[in-house]
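>>> got a predicted structure plus its sequence, pasted below:
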Amino acid sequence: MGASIPTSALPGTSQVAFAEAGASTNANARTADPQAIVASAAVAAPTPRDAFGITDPPPPPEPIAVPQYTVAYSNVTGKLATWPAGGGVNDGFGYRGSEFHGGIDIMAGYGAAIVAASPGVVIAVTQDGGWGQYVQIDHGAGITTLYSHMIAGSPTVSVGQAVEGGQVIGSVGDTGYVTVAHLHFEVWVDGTKTDPMAWLP
């Protein structure tokens, strides 16, 4: 028995084309790898790594070898031969408030003998405003001694003269900046004042 289908129930040409396109799209979707990523041509090229160079710091300079010096005392072996005068020490080496005292004050009486503390050569016999009349002796190895506030004209030695330890070189006085007669005695090592007490026997 035959049956007829109305024309409106049949798909039109456009509907058939859409269905075929959809089927084609679904087929492509089924065959494509779901894990695949397709990059667009518009994606920027990656920035290369290490675009900025790193310069290592320069190596440290080689250490400078510092020579070790050993001072050999020819005439003085750590101690002077004798005290330069008798009497007690009234004022020591170092600061007195803001003032630095560069030697020791030995309270020998006016006119008492002053002697060379060790053998050496006289390098100065002169007058000075602060020290008054003084004598300075070079003992070698950079060590010198100074004897000041002598009685004017009392030195018994002259520049260039060799002296023995204990030899009289002048007399205790009150010349220069003093309030009472005494011997101001200094010890210098390589041009620097040092505490005489460390050198006296």
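Received the coordinates, thanks.
>>> flag every buried residue along stretch 169-189.
The neighbour-count check on stretch 169-189 (16 or more other C-beta atoms under 10 Å) flags 169-176, 178, 181-189 as buried. The C-beta positions use only the backbone N, C-alpha and C, and glycine is treated the same way.
>>> endpoints of that stretch, how far apart?
Stretch 169-189 has an end-to-end distance of 21 Å (criterion: C-alpha to C-alpha, to the nearest Å).
>>> same check, this time on stretch 161-174
OK, stretch 161-174 end separation, C-alpha to C-alpha: 25 Å.
>>> residues contacting that stretch, please?
Stretch 161-174 is contacted from outside by 80-82, 85, 108-122, 132-133, 135, 137, 147, 149-152, 154-157, 180-183, using C-beta atoms under 8 Å, 6 or more residues apart in numbering.
>>> mind redoing it with 6 Å?
Outside stretch 161-174, the residues that touch it by C-beta atoms under 6 Å, 6 or more residues apart in numbering are 81-82, 108, 111-116, 118-119, 121-122, 135, 149-151, 154-157, 181, 183.
>>> quick check on those: which are buried?
Looking at the contacts of stretch 161-174 with 16+ other C-beta under 10 Å, the buried ones turn out to be 81, 108, 112-116, 118-119, 121-122, 135, 149-151, 154-155, 157, 181, 183.
>>> in stretch 100-108, what counts as buried?
Neighbour count says stretch 100-108 has Gly102, Gly103, Ile104, Asp105, Ile106, Met107, Ala108 buried, by 16+ other C-beta under 10 Å.
>>> pLDDT of that stretch, averaged?
Average pLDDT, stretch 100-108: 92.
>>> i'd like the first residue to be 38 from this point on
Fine by me, first position is 38 from now on; the one you just mentioned is stretch 137-145.
>>> farthest pair in the buried residues of stretch 137-145?
The largest separation in the buried residues of stretch 137-145, counting by C-beta to C-beta, is between Gly139 and Ala145 at 18.9 Å.
>>> could you point out which element follows the worst-scoring helix or strand of the chain on mean pLDDT?
Least confident helix or strand of the chain, by mean pLDDT, DSSP states H and E, is helix 50-68 with a mean of 48. On the C-terminal side of helix 50-68, the nearest following helix or strand under DSSP states H and E is strand 126-128.
>>> what residues does that following strand touch?
Residues outside strand 126-128 that contact it (C-beta under 6 Å, 6+ apart) are Ile141, Asp142, Ile143, Met144.
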